[in-house]
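1. could you look at this predicted model? Sequence included:
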Amino acid sequence: MLKRIDLKDLRENVFTRIGDQWMLITAGQGEDCNTMTASWGGLGVIWGQPAATVYIRPQRYTKEFVDREEYFTLSFMPEQYKPQLAICGSKSGRDINKVKECGFTVKTGEGNAPYFAEADLVLVCRKRYAQPMDGSAMPADVLAHYYPGEDYHTMYIGQVVEAYIEG
């Protein structure tokens, strides 16, 4: 059961949680949502507020939901959900209902933002900024490795307005 906590009580290693264990970026309104797996992002403070930064490629269906909505969520799942995270990272919500396919239970936070009851950590974010990344400002090795198709991510900054942990 997830319980709401103060962000200052969070004791997670964000490098491990985001980079190694991955997260689900989800947006929509309640059950009408889409989600995707991500392993790029960050947590910190900007404009005097706790914030999460995420990056989404233009072809991802979830981007349409994040662009449309005022809120998005980050759901961090326990290790046993790694197969479901693999589905959410490789299948498109245009083709399948990933939430149903993975057996996730949708809950909602502020702004009716959808997240998953199976998560052990959830951050509800109010979208504050979006900016397409500029390939001309990137080093050549990054361009060659990550952007051979020039499909640059859009960076989103969300003010973290709620946090939930298992417990």
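-> Structure received.

2. for Met133, what are phi and psi?
-> When quoted as degrees, to the nearest 10, the phi and psi of Met133 stand at phi -70, psi 150.

3. report pLDDT for the nearest residue to it once chain neighbours are set aside.
-> Excluding its sequence neighbours, the residue lying closest to Met133 (CB to CB, 6 or more residues apart in numbering) is Tyr152, at 4.3 Å. Placement of C-beta: from N, CA and C, glycine included. Note for Tyr152: predicted pLDDT of 98.

4. swap in the one 5 residues further on?
-> For Ile157, the model assigns a pLDDT of 98.

5. can you list the strands that the host helix or strand of it pairs with?
-> Per DSSP states H and E, Ile157 falls inside strand 154-166. Strand pairing for strand 154-166, using DSSP bridges, gives strand 2-5 (antiparallel), strand 49-56 (antiparallel), strand 121-132 (antiparallel).

6. closest to Gly93 out of those?
-> strand 49-56 (12.7 Å; CB to CB).

7. so for the next helix or strand after that closest one, mean pLDDT?
-> Downstream of strand 49-56, the first helix or strand assigned by DSSP H and E is helix 61-68. If you average the pLDDT over helix 61-68, you get 98.

8. starting at the chain centroid, how far to helix 61-68?
-> From the chain centre to the centre of helix 61-68 is a distance of 11 Å (CA atoms, centre = their mean, to the nearest Å).

9. before we move on, what about stretch 9-16?
-> The answer for stretch 9-16 is 15 Å, by CA atoms, centre = their mean.

10. pull the CA atoms of it into CSV?
-> Output of stretch 9-16 as CSV, limited to C-alpha atoms (Å, rounded to 0.1, in the frame of the first residue of the first chain):
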residue,chain,number,x,y,z
ASP,A,9,12.0,12.1,3.7
LEU,A,10,12.9,10.4,0.4
ARG,A,11,16.1,8.3,0.8
GLU,A,12,16.4,6.7,-2.6
ASN,A,13,19.5,6.5,-4.8
VAL,A,14,18.1,8.2,-7.9
PHE,A,15,21.0,7.1,-10.1
THR,A,16,20.1,3.4,-9.4
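
11. thinking again about what came up before, report the secondary structure state of the residue nearest to Met133.
-> The three-state assignment at Tyr152 reads coil, by DSSP: H, G, I helix; E, B strand; the rest coil.

12. contacting residues for it?
-> Arg57, Pro58, Pro132, Met133, Asp134, Gly135 (CB atoms under 8 Å, 6 or more residues apart in numbering).
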